[in-house]
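# Sequence plus the predicted model coming up.
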Amino acid sequence: MTDGRCYPPRPVLAVSAAIFRGGKVLLVRRARSPGHGLFTLPGGAVEAGETLHQAIIREVGEETGLAIAPVALAGHREVIARDRAGRVERHFVILAFAVRWLAGEPNLNAEIDQCQWLDPAEVATLETTEGLAEIVAAALARLDEEPVQAKGG
């Protein structure tokens with residue numbers, strides 16, 4: 001069975017969310033491949049007809065049960081995995097967003113076996129997907145740039 005993500009004819013567009021709450025970022029540990037056992041950001045593939053913000057809200061809701069508000073693009077990563085013959089088995093282009101937590105507590109599921117709210121400086125001490133500490137730092141900087149909206153104005 002194939003879902004179009006194994007041996008794709010072109011890269012798969014995906015989104016991830018650096019979700020911040022009280023100065024801490026949410027990291028999840030993948031319960032299965034790809035990335036089994038690594039800490040990363042929640043996210044997944046963009047579906048046809050969906051905007052990037054719709055995709056990140058949907059993916060985070062499906063993976064963690066959290067309500068979020070995307071703020072800004074924080075960066076991107078490419079994940080290219082080749083099989084033993086050198087063929088491209090997986091190719092993801094992942095757009096990472098700086099995101100504010102709105103409500104909920106993270107849930108574990110078949111894709112995620114651990115969730116942690118961490119100080120951004122702690123990310124570099126974990127076994128993570130490539131470049132995660134840099135993406136988290138960029139996301140935090142984007143949140144710091146965002147003006148706080150006054151309520152009732």
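That came through fine. On a predicted model such as this, the values are computed, not experimentally measured, just so you know.
# Would you mind pulling up the elements that the strand or helix carrying Gly75 packs against?
Assignment of secondary structure by DSSP states H and E places Gly75 within strand 67-82. Packed against strand 67-82 by the contact rule (3 or more CB pairs under 8 Å, 6 or more residues apart in numbering; DSSP states H and E) you find strand 12-21, helix 52-64, strand 88-103, helix 132-145. To be clear about C-beta, it is placed using only N, CA and C from the backbone, and glycine gets the same treatment.
# If you count neighbours, what's buried in that strand?
Of all the residues in strand 67-82, those buried under the rule 16 or more other CB atoms under 10 Å are Ile68, Pro70, Val71, Ala74, Gly75, Arg77, Val79.
# Pipe these into TSV and attach pLDDT and distance to Leu143 per row.
Shown next, in TSV, are the buried residues of strand 67-82 (pLDDT from 0 to 100; distance: CB to CB, whole Å):
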residue	pLDDT	distance to Leu143
Ile68	98	12
Pro70	98	11
Val71	97	6
Ala74	97	9
Gly75	97	13
Arg77	95	19
Val79	91	24
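# from those, which is closest to Arg30?
Checking those against Arg30 with CB to CB, the nearest one is Val79 at 12.2 Å.
# hang on, isn't the closest one packed against Ile94?
Yes. Taking contact to mean CB atoms under 8 Å, the distance of 6.7 Å between Val79 and Ile94 places them in contact.
# Low-confidence regions, this protein specifically.
In the predicted model, the chain carries pLDDT under 70 at residues 1-3, 147-153.
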